[in-house]
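In: turn this into a model:
(2 chains)
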Amino acid sequence: MKTKHISQGLNYPVLIGLLSIGVIFLFGMSLLIGPLAVGVADAWEGLFSDSELPLALIMQEIRLPRAVLGAVIGATLGLAGAVMQGLLRNPLAEPGLLGISASASLGAVLAIYTGFSAVFPLGLPIAALMGAVLAVLLILAIAGMSGSVLTIILAGIAVSSFAGAMTSLTLNLSPNPFAALEIVFWMLGSLNDRSMVHVQLAVPFIVIGWIMLLSVGRALDVLTLGEDVAASSGVNMKRVRLLAIFGTAASVGAATAVAGAIGFVGLIVPHILRPLVGAQPSRLLPASALGGALLLLAADIAVRVIAPERDLKIGVLTAIIGAPFFLWIVLSYRRSLL
Amino acid sequence: MKLLSVNKLSVSRGPKQVLRNVSLEIAQGEFVGLLGPNGAGKSTLLKAILNLVNSTGSIQFQGNDGRLMREIKRARYASYLPQEREVNWPITVKNIVSLGQTYSSSLARTKQSNKDEVVVEAMRRMDVLQLQDRRITELSGGEQARVLIARALAQDTQLLLADEPAAGLDPAHQISLMKSLHDLTSEGKSVVACLHEIPLAARWCSRIVVLNSGAIVADGSPEEVLNETLVSQVYGVQTYRTKTDDGLLVVPTTLIEHETKSGGDYKWPETRN
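Out: Sure, this is the predicted structure:
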């Protein structure tokens, strides 16, 4: 890509600063946008008031969790995508590659199918988290504790396909069209109707996952030159692989558990930002996390603005914008190769 | 104290023994050329020393057990240049070379200015200083090779294990590479380099170790080792050998027919059929 002038012109702290300002701005926008028009001053008051007034309830129980989840899940997808691309040294890698989102989805789908989610309010996200845990154990069992990158990818594909097939089977055997519709809608991915309880459930796992993922930044830098160079210059590859896999499992598993599988964010965001950070993986991680938060907050605002009454699913929107954008990336790569 | 002592190192790949009972000691200031035909086990030996492949036998870096060592500690004793030149992202040359210093801060508690000096010095030695702001993916193969050698030099270890460092370089840069490695050894560091360029090895190395079929078949000064008999028996080529003002000159000239190759003291590798 012809981004040389940008990569050498844009200073890293400036980039991080700009992305942070963008995230804060869109977080604020996310709080203000909804069926009820709220002014900035009222919104602020509503957020911090102890009263039982409808405005306080709307701000604290509906809009705040939605904005928090948008930022946190977007950051998770951006960060995990950057780590996966760095670990596998492949620009096509994305958080779903390990089969964790597919398995978390399967857990959620089974919870809906069996009625577990209707009996117990947190049944769905908990079942989804269990799905993610199972996926990781399965990948580690197949690829071995010190498996090569290729075996990890192949194991991930196997787990992903199997979870996808089981999800289809569940849909296939679904007792009535309403259950099937609920399952399909859940799988499209959404931040609608999420409460603070969802935030409390997901955020601890997500933060633990972030810490693990951010800790591998320097190792990913050296990994640019291959595993042997990394190992001989001080990287414990086994530890890095485990941190990346468990970090992705914890953060993406929890993200999928509360919001469904949201595609393309983890694939595209690292791509957009890579030229702006001089392609250095350790610098890409924080930038990509902020970029993911920015993109998902923007997408979540967009679904509310475009079709306020239709409950447009955010996963649908990210795919609609993401796929053509990805094609554009592919085309510009091809041009730079010619 | 020896920088490296390897005792009875063996590596098996399936039923095949790639290295058998290799014992080797590297002292300070040595420039060791590791020679041998394709498949002799040269690369495997370097990888086994660095614990990158499974092996049996003992490995010691300055008297410390290399097997029990954590990666970060081993990285302080030896740096490594693999034969495969893998570069994945379009990172600038300076940032690539700086990767050599990634884990040095926690090791040697070097100051940032010190680290920068090491990086600049490594780039200067490999003649890539003028390329420092270019992206490595935009460079030619030979330029990339020099950048990757500079990365290994920037690790600033007593011992450098380099797998075919001269491959893909033009003659001028081959000579300047060998001179740079020679300079390192005169500063008290040691270099073990797998080489296929017999003339370079003869001219620059202080010691030649010849591997064949996974075993060391000769070890000594270039004058002793690179004689016509040995080279013809190990490589199957005739050589022109003479002494010049610049040192020993050994140049492979012609292939030896198969009948005349056998019957020597050295066993032929099974892979050479």
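In: quick one: the residue most central in space within chain A from residue A:160, how far?
Out: By CA atoms, centre = their mean, chain A has its centre lying nearest to residue A:77, at 2.5 Å. Residue A:77 sits 16 Å away from residue A:160, taking CB to CB, to the nearest Å as the criterion. For the C-beta atoms, the positions are set from N, CA and C on the backbone; glycine is no exception.
In: how about residue 97, what does it touch?
Out: No chain specified, so I'll use chain A. A:84, A:88, A:153, A:156-157, A:160 (CB atoms under 8 Å, 6 or more residues apart in numbering or on different chains).
In: right idea, wrong chain: chain B
Out: Contacts here follow CB under 8 Å, 6+ apart; on that basis residue B:97 touches B:119, B:122-123, B:128, B:132, B:147, B:150-151, B:154.
In: give me the subset of those lying in strands.
Out: With DSSP state E as the criterion, strands contain none of the contacts of residue B:97.
In: just those residues now: which is nearest residue B:257?
Out: The shortest distance between residue B:257 and any of the contacts of residue B:97, using CB to CB, involves residue B:147 and amounts to 42.4 Å.
In: the closest one reaches residue B:129, doesn't it?
Out: No. Look at residue B:147 against residue B:129 with CB atoms under 8 Å: they stay out of range, at 10.7 Å.
In: now the two most distant members of the contacts of residue A:97.
Out: Spatially, the most separated pair among the contacts of residue A:97 is A:88 and A:160, at 14.3 Å (CB to CB).
In: what parts of the stretch 101-250 of chain A come near chain B?
Out: If contacts are counted using CB under 8 Å from any CB of the partner chain, the residues of the stretch 101-250 of chain A sitting beside chain B are A:218, A:221-226, A:228-229, A:231-237.
In: what's the neighbour count on residue A:21?
Out: Here the number of neighbours of residue A:21 (other CB atoms under 10 Å in any protein chain shown) works out to 12.
In: ok, and for the host helix or strand of it, which residues are buried?
Out: Element membership of residue A:21, judged by DSSP states H and E, is helix A:12-32. Of all the residues in helix A:12-32, those buried under the rule 16 or more other CB atoms under 10 Å in any protein chain shown are A:15, A:19, A:22-23, A:26-27, A:30-32.
In: re earlier: let me know the closest of the contacts of residue B:97 to residue B:40.
Out: Using CB to CB, residue B:151 comes nearest to residue B:40 of these, at 26.3 Å.
In: what's near enough to touch that closest one?
Out: When contacts are counted by CB under 8 Å, 6+ apart, residue B:151 is found next to A:225, A:229, B:81, B:96-97, B:99-100, B:122.
In: out of those, which are inside helices?
Out: The members of those that map onto helices under DSSP state H are A:229, B:96-97, B:122.
In: which one (most neighbours) among those?
Out: Each of these was scored by neighbour count (other CB under 10 Å); the top score is that of residue B:97, with 29 neighbours.
In: what about the nearest residue to it once chain neighbours are set aside, how many neighbours?
Out: Excluding its sequence neighbours, the residue lying closest to residue B:97 (CB to CB, 6 or more residues apart in numbering or on different chains) is residue B:150, at 4.7 Å. Other residues near residue B:150 number 30, with proximity taken as other CB under 10 Å.
In: do you know how far residue B:150 is from residue A:225?
Out: 12 Å.
In: now do the same end-to-end measure for stretch A:256-263.
Out: 10 Å (CA to CA, to the nearest Å).
In: report the central residue of chain B.
Out: Nearest to the geometric centre of chain B sits residue B:193, at 1.9 Å (CA atoms, centre = their mean).
In: backbone phi and psi for the nearest residue to that residue once chain neighbours are set aside, please?
Out: If the residues on either side of it in the chain are set aside, residue B:193 comes closest to residue B:162, at 4.4 Å by CB to CB, 6+ apart. Dihedral pair for residue B:162: phi -120, psi 130, per degrees, to the nearest 10.
In: just the pLDDT at residue 242, thanks.
Out: This is for chain A. Each residue has a pLDDT score; the one for residue A:242 is 89.
In: hm, I was asking about chain B
Out: Per the predicted model, pLDDT is 91 at residue B:242.
In: is it in a helix, a strand, or coil?
Out: Three-state assignment for residue B:242 (DSSP: H, G, I helix; E, B strand; the rest coil): strand.
In: what's the neighbour count on it?
Out: Other residues lying near residue B:242 total 8 when counted by other CB under 10 Å.
In: surely it is in contact with residue B:249?
Out: Yes. Residue B:242 is within contact range of residue B:249, at 5.1 Å (criterion: CB under 8 Å).
In: name the helix or strand for residue A:331, please.
Out: Under the assignment here (DSSP H and E), residue A:331 is part of helix A:314-337.
In: what residues sit buried inside that helix?
Out: Along helix A:314-337, these residues count as buried under the neighbour rule (16+ other CB under 10 Å): A:314-319, A:321-322, A:325-326, A:329.
In: looking at these, which one is closest to chain B?
Out: Closest approach to chain B among the buried residues of helix A:314-337 (CB to the nearest CB): residue A:329, at 14.3 Å.
In: what residues does chain B have near chain A?
Out: If contact is defined as CB under 8 Å from any CB, the residues of chain B in contact with chain A are B:47, B:50-52, B:70-72, B:74-76, B:78-80, B:82, B:84, B:86-92, B:95-96, B:99-100, B:102-103, B:107, B:133, B:135, B:148, B:151, B:155.
In: low-scoring stretches of chain B, by residue?
Out: Scanning chain B for pLDDT under 70 picks out the ranges B:105-111, B:258-273.
In: can you pull the phi and psi angles for the nearest residue to residue B:1 once chain neighbours are set aside?
Out: The shortest distance from residue B:1 to any non-neighbouring residue, by CB to CB, 6+ apart, is to residue B:62 (5.4 Å). Backbone torsions of residue B:62, given as degrees, to the nearest 10, read phi 50, psi 40.
In: residue contacts, the residue nearest to residue B:97?
Out: Taking CB under 8 Å, 6+ apart, we find residue B:150 in contact with B:97, B:100, B:122-123, B:125-126, B:128.
In: could you rerun that using 7 Å?
Out: With contacts defined as CB atoms under 7 Å, 6 or more residues apart in numbering or on different chains, residue B:150 is in contact with B:97, B:122-123, B:125-126, B:128.
In: and these, which is closest to chain A?
Out: Top of the list for closeness to chain A, among the contacts of residue B:150 and by CB to the nearest CB, is residue B:97 at 10.8 Å.
In: could you check which helix or strand contains the residue nearest to residue B:246 when sequence neighbours are not counted?
Out: Beyond its immediate neighbours in the sequence, the residue positioned closest to residue B:246 (CB to CB, 6+ apart) is residue B:203, lying 6.6 Å away. For residue B:203, the enclosing helix or strand under DSSP H and E is helix B:198-204.
In: which elements pack onto that helix?
Out: Other elements packing on helix B:198-204 under the criterion 3 or more CB pairs under 7 Å, 6 or more residues apart in numbering or on different chains; DSSP states H and E are strand B:31-35, helix B:171-186, strand B:247-255.
In: which neighbours does the shortest one have in its sheet, and in what orientation?
Out: Partners of strand B:31-35 in the sheet, by DSSP bridges, are strand B:190-194 (parallel), strand B:207-212 (parallel).
In: what's the most buried one of those?
Out: Across the strands paired with strand B:31-35, the average number of neighbours (mean count of other CB atoms under 10 Å in any protein chain shown) peaks for strand B:190-194, which reaches a mean of 26.
In: what residues does that strand touch?
Out: Surrounding strand B:190-194, the residues in contact under the criterion CB under 7 Å, 6+ apart are B:3, B:26, B:28-34, B:42-43, B:46, B:158-165, B:181, B:184-185.
In: ok, of these, which come out buried?
Out: Buried subset of the contacts of strand B:190-194 (neighbour count, 16+ other CB under 10 Å): B:3, B:26, B:30-34, B:42-43, B:46, B:158-165, B:181, B:184-185.
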